[in-house]
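*Asks:* Pasting the sequence and the predicted coordinates here, then a few questions.
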Amino acid sequence: MTRPTLRIHLQTHHDGRITGRLVPYAPVPAEPPVGYGDDAAAVLSQIALAIEEMSGELTPYQWRETLALRRLDLEIRPRAVIAKRVVIGKRTVPLRIGYAWAKLPTGGFKVVVPPLGWSFVLEDLEMAAEVLGQTIGTALLGEQAERVYALVDVLEEQILEWSPTLSRKRTRTPPAARAPVHPTVDAIAEDLIERERRRTGRRLVGQFDFSAEQPLIVRERPRSILLVGPAGVGKTAWIYALARWLGKREPDGPTPKIWATSADRIVAGMKYLGMWEQRCLDLVDELTGQGDLLYFERLAPVLAAQTGRSSIADVLMPAIAAGDLALLSECTAQEHERMVQRSPTFLALFHVVRIEPPSSSAMPQMLATWQLREHPHLAIDGGGWRRLVQHLELFQRDLAFPGKAFRVLDAIAKLHPPATDGKPLEIDAELISRAFASITGLPLELVSDTQRAGREHIAARLREGVIGQDEACSTAARVMTRLKAGLNDPERPIGSLFFVGPTGVGKTEMAKQLARYMFGDADKMIRVDMSEYMLPGSAQRLLAGGDGGRSLAERVRARPLSLVLFDEIEKAHPSVFDVLLGLLGEGRLTDHDGRLVDFRMTLIVMTSNLGVARGTAVGLALGLGGAQAPDDVVAAVRAHFRPEFFNRIDHVIGFRPLERGDIRRIVDLELELVARRTGLQRRRLRLRVDDEVRELLAVAGWHPTRGARPLKRVIEERLISPLAVAMSEAPDLAGREIFVVVAGSAREAELRATGAMVLAIARDARTA
């Protein structure tokens with residue numbers, strides 16, 4: 001029998017926002033938990049918080065059966081009240097209503113309509129349409145009419161199987177047994193001072209002085225305080241240290257409490273208009289006159305609109321201005337600047353405390369203190385500490401000291417666990433560089449001060465995967481040498497390269513090879529197809545995800561060390577370039593939530609075929625004229641883009657048309673990759689491809705207007721497919737050489753006479 005799990009019903013509305021409901025299996029006494037947000041992750045987070053605040057068991061919400069979804073198309077007739085009578089109108093409104101169903105083990109089908117709270121058991125599932133149609137007709141004449149009409153706004157629906165990880169242990173004490181003094185505060189907030197009293201985890205590193213803030217906090221009406229500083233600087237640590245200090249001080253009066261909550265927790269489960277606003281008012285009522293502080297780890301969501309144009313800040317602001325409520329929160333300097341522009345009156349209510357990162361010279365001692373407390377099995381010398389700080393300053397600019405240093409030190413400790421003999425592991429500067437390269441994926445030759453990585457060395461590494469573009473490889477290598485020397489602009493991306501040239505000459509492959517070299521894997525490349533951003537308003541999709549996809553901002557936030565490829569960039573709508581101006585000029589982007597995304601450790605690559613003459617064989621040069629002159633390429637790019645955008649590009653790199661020898665070398669490279677495929681490696685099979693076959697593939701894999709782009713498909717069709725057939729027909733084939741020859745050639749007859757394993761490739765694809 002399968003383990004019982006929860007089911008979530010998600011509805012996507014016309015505005016792109018999502019409503020989610022926990023689907024009950026058995027009747028429940030109250031409305032199921034509901035979430036509402038910009039994406040499924042936010043909705044599930046709200047429902048998880050609502051579940052934590054529920055009393056009683058989750059058993060009525062647990063399903064063992066598979067729950068599927070169907071949608072029913074109906075035509076409904078709106079009602080109106082005329083002369084105190086309900087009158088059904090003539091016109092019809094289309095309605096698609098989703099219902100979930102499951103086959104019961106005892107027979108029959110369970111049908112539920114989560115938005116309306118309906119549940120049926122039917123003998124035959126085909127009855128569902130008729131039963132729902134009748135039920136909806138009845139509902140339109142009753143109190144549920146408004147809920148039915150609300151379904152017109154729904155674009156998509158889906159059912160998710162869900163096993164949430166709850167952050168706190170749920171209480172099973174019946175509500176009658178509990179009598180909280182502050183029911184709303186207890187439900188959605190946590191006493192941070194009490195939690196720090198019980199905390200047995202890591203101790204805080206650094207000195208915290210609250211003498212300047214004490215008069216603002218320890219008084220009858222505390223002042224709201226906002227911590228401003230870069231990510232990783234220790235704003236949250238400052239809050240925890242404050243909680244510990246308040247918990248230990250000898251009070252000369254009541255000690256204030258710090259109640260930790262979030263915007264998500266406030267709106268969790270709030271389904272109807274005005275519910276979360278009432279919760280905010282209840283918070284104000286319970287905290288007024290207590291001298292406590294309400295702590296939001298992030299302030300930006302507090303200012304974000306929840307329904308209509310109202311935000312949590314709008315509801316709380318009168319109480320804060322009157323001194324009845326005090327907030328404690330944090331943000332970065334950039335977030336603070338934007339919030340001041342958006343809501344200056346609200347931000348003026350805060351006393352701002354600037355948290356500055358410690359100096360680089362202070363970091364070795366802080367790291368040594370952290371290491372002695374958390375990782376005593378390591379023994380890092382002074383040179384090792386200085387090298388680690390140097391690497392962090394140069395290669396991890398998205399976070400501030402000391403947070404980024406502590407995180408990397410923890411990762412180094414995982415790479416070097418305690419020895420069985422108990423002796424400390426001695427780590428010098430070079431071992432620090434090797435560990436840092438392993439953690440970040442950066443090549444050791446770029447990271448280490450003892451290894452050389454000149455322009456020609458890096459260019460040679462790029463040429464291993466990019467054929468026929470030696471000059472382009474050399475220009476791209478120049479950017480890498482600038483990074484190794486530490487001479488790149490620290491307030492811009494590592495580099496911004498514009499690849500321009502005919503289709504199928506290696507522009508995208510160069511981007512992949514750069515990602516392999518710089519970050520260890522081609523998967524570290526974030527590819528954005530700009531042909532999908534041609535319409536007005538599409539620029540916002542770079543900042544906010546939708547339809548289950550992740551935005552550029554989300555992907556770079558998750559992986560700040562990466563290559564970002566903007567493919568066919570000339571096709572993007574002009575508004576997209578307004579977004580990219582800040583990215584290229586300042587190395588930063590602001591997402592739809594107002595959060596800053598750091599692009600300073602990304603390598604930006606743009607591709608285009610601007611300036612390529614039409615109607616010519618652009619993919620292959622056969623002595624009939626070479627690539628366009630570099631000046632022509634630059635002129636075409638300059639003419640197409642606005643000056644402020646063009647001037648932010650570091651290098652415009654022209655890609656020349658490929659020659660016959662280039663295509664043949666690409667074939668050799670692709671065949672090397674084929675030989676490494678799992679099926680061949682597992683069976684220990686070795687391919688021996690004749691030169692005649694390689695030449696045949698080179699000719700068939702080139703196209704007059706698409707260059708070498710068809711080559712991969714040709715190799716799959718002409719070589720891989722017949723090879724797969726041969727291997728499937730001989731399951732015991734292993735540990736042998738497979739000779740790939742042209743069908744009907746003398747070479748084929750010669751090899752077959754010796755009993756060799758032969759794969760014959762037809763000269764003509766139509767007879768292959």
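*Replies:* In hand now; what should we look at?

*Asks:* Number of residues surrounding V352?
*Replies:* For V352, the count of nearby residues is 12 (other CB atoms under 10 Å). Backbone N, C-alpha and C define where each C-beta goes, glycine included.

*Asks:* That one: what secondary structure?
*Replies:* strand (DSSP: H, G, I helix; E, B strand; the rest coil).

*Asks:* what separates it from Q306, distance-wise?
*Replies:* 25 Å (CB to CB, to the nearest Å).

*Asks:* likewise A26?
*Replies:* 31 Å.

*Asks:* Comparing these two, which shows the higher neighbour count?
*Replies:* Q306 (21 against 9).

*Asks:* Spit out the contact partners of that one.
*Replies:* By CB atoms under 8 Å, 6 or more residues apart in numbering, Q306 lies in contact with A263, V267, W276, I312.

*Asks:* Tell me the one of those nearest K507?
*Replies:* A263 (43.4 Å; CB to CB).

*Asks:* Surely that closest one touches F296?
*Replies:* Yes. Applying CB atoms under 8 Å as the test, A263 and F296 come out as touching, 6.9 Å apart.

*Asks:* Touching both of these two, which residues are there?
*Replies:* Taking CB under 8 Å, 6+ apart as the criterion, A263 and F296 both touch V302.

*Asks:* So which of the contacts of Q306 belong to helices?
*Replies:* Counting by DSSP state H, these place A263, V267, W276, I312 in helices.

*Asks:* Now do the helices in the stretch 51-200 of the chain.
*Replies:* 128-139, 145-149, 183-188, 192-198 (DSSP state H, counting those that start in this stretch).

*Asks:* Highest mean neighbour count out of those helices?
*Replies:* helix 183-188 (a mean of 19; mean count of other CB atoms under 10 Å).

*Asks:* Can I get it in PDB? Just the C-alpha atoms.
*Replies:* Taking Å, rounded to 0.1, in the frame of the first residue of the first chain, the C-alpha atoms of helix 183-188 are listed here in PDB:
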ATOM      1  CA  PRO A 183      -3.400  34.200  19.600                       C
ATOM      2  CA  THR A 184      -2.400  35.900  16.300                       C
ATOM      3  CA  VAL A 185       1.200  36.600  17.300                       C
ATOM      4  CA  ASP A 186       1.600  33.000  18.700                       C
ATOM      5  CA  ALA A 187       0.100  31.600  15.400                       C
ATOM      6  CA  ILE A 188       2.400  33.400  12.900                       C
END
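
*Asks:* how about the strand or helix carrying Q334: buried residues?
*Replies:* In this structure, Q334 sits in helix 333-342 according to DSSP states H and E. Using 16 or more other CB atoms under 10 Å as the test for burial, helix 333-342 gives Q334, E335, H336, R338, M339.

*Asks:* Turn those into JSON lines, columns for pLDDT and distance to E445.
*Replies:* Listed next are the buried residues of helix 333-342 as JSON lines, based on pLDDT from 0 to 100; distance: CB to CB, whole Å:
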{"residue": "Q334", "pLDDT": "87", "distance to E445": "34"}
{"residue": "E335", "pLDDT": "90", "distance to E445": "37"}
{"residue": "H336", "pLDDT": "93", "distance to E445": "40"}
{"residue": "R338", "pLDDT": "88", "distance to E445": "40"}
{"residue": "M339", "pLDDT": "92", "distance to E445": "43"}
